[in-house]
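dropping the sequence and predicted coords here.
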Amino acid sequence: MKEPQAHASPAMRRLERCCDASTAVGALVLIAVALMTTVSVIGRAFFSHPILGDVELVQLGCAVVVTSFLPYTQFRRANIIVDFFTTGASAAAQRRMDALGVLLYTAVLALVTWRVAVGGIDIYAAGERSMLMDLPLWIPYLLMLPGLALCVAIGAVQSAALLRG
C-alpha cells in the first residue's frame, strides 16, 4: 500500500485511513467466509455433515466483502479505464473526461447506496430472514452501507479535485 503523500489534503488522508479500515474489515470477512467454506467442504467430504446454510453465509459475506473493497479501489483510482479514444487528447481534456467519469461513477454509487438503505429498511420492516439459518437479512444491508457511502465520499472529493485542476 502506498504511503500517504505529503501534499495530500487532510480530507484525503482521513479518507485513506477510512479506506484502509474498510479494506481490513472486508479482508476479515473474506477470511472468515473462506475458512467457513473450507470447514463445510471438509465436513461434507469426510463426515457427511456440512455447515448448514453455508451458501447463505457465502452470499451474504460476499456482498459485504465487495462493498468493503470498493472504496480502496476508488481511492487508488484502480477501476478499469478505457483510454483508447483519449490518448491523443490534451491533458486538460483528459482531466475533464476523468472528472466526468468519476462524477458519473459517484452518482451511480450514490443511487446504489440510497437503494441499499431503502432495501434494508424495507427488509427490516418486513422481518425477512434467511431460509436455512433464519438470519435477519437487514444486517448485510446495514454492513454494506459504510463501504458504499465511503466510496461516494471519495468520488465526490476526487471529482472536485479533478474539476479544480
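Yes, it's here.

so residue 26 makes contact with residue 71?
No - Residue 26 sits out of contact with residue 71 when judged by Cβ atoms under 8 Å, with a separation of 9.2 Å. C-betas here are computed from N, CA, C, even on glycine.

neighbour-wise, which of those two wins?
More crowded of residue 26 and residue 71, by other Cβ atoms under 10 Å: residue 71, with 29 against 21.

model confidence for that one, exactly?
Among the per-residue scores, residue 71 shows a pLDDT of 95.

those strands in this structure, which residues are they?
Here the chain has no strands by DSSP state E.

grab the most central residue of it for me.
Central residue of the chain (Cα atoms, centre = their mean): residue 67, 2.1 Å from the mean position.

distance of that residue relative to residue 32?
16 Å (Cβ to Cβ, to the nearest Å).

got any residues that touch both of residue 26 and residue 71?
Listed contacts common to residue 26 and residue 71 are residue 147; contacts here mean Cβ atoms under 8 Å, 6 or more residues apart in numbering.

quick check: mean pLDDT of the longest helix along the chain?
Of all the segments of type helix in the chain, defined by DSSP state H, the longest one is helix 10-47. In this model, helix 10-47 has a mean pLDDT of 95.

could you do stretch 135-142 as well?
94.

buried residues of that stretch, list them for me.
By neighbour count on 16 or more other Cβ atoms under 10 Å, the buried set for stretch 135-142 is 135, 137-138, 140-142.

closest to residue 59 among these?
Checking the buried residues of stretch 135-142 against residue 59 with Cβ to Cβ, the nearest one is residue 140 at 8.6 Å.

find the residue closest to the closest one in space, skipping its chain neighbours.
residue 60 (4.4 Å; Cβ to Cβ, 6 or more residues apart in numbering).

OK, contacts around the residue nearest to the centre of the chain?
Here residue 67 is in contact with 26, 143-148, 151 (criterion: Cβ under 8 Å, 6+ apart).

cool, residue 135 as well?
With Cβ under 8 Å, 6+ apart, residue 135 has these contacts: 53, 56, 60, 129.

narrow these to just the buried residues.
Buried, going by 16+ other Cβ under 10 Å: 53, 56, 60, out of the contacts of residue 135.

turn those residues into JSON lines, including pLDDT.
Shown next, in JSON lines, are these (pLDDT from 0 to 100):
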{"residue": "53", "pLDDT": "90"}
{"residue": "56", "pLDDT": "92"}
{"residue": "60", "pLDDT": "93"}
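
ranges for the helices of this structure?
10-47, 54-75, 91-126, 138-164.

tell me what the longest one is packed against?
Put plainly, it is helix 10-47. If you count contacts as 3 or more Cβ pairs under 8 Å, 6 or more residues apart in numbering; DSSP states H and E, helix 10-47 packs onto helix 54-75, helix 138-164.
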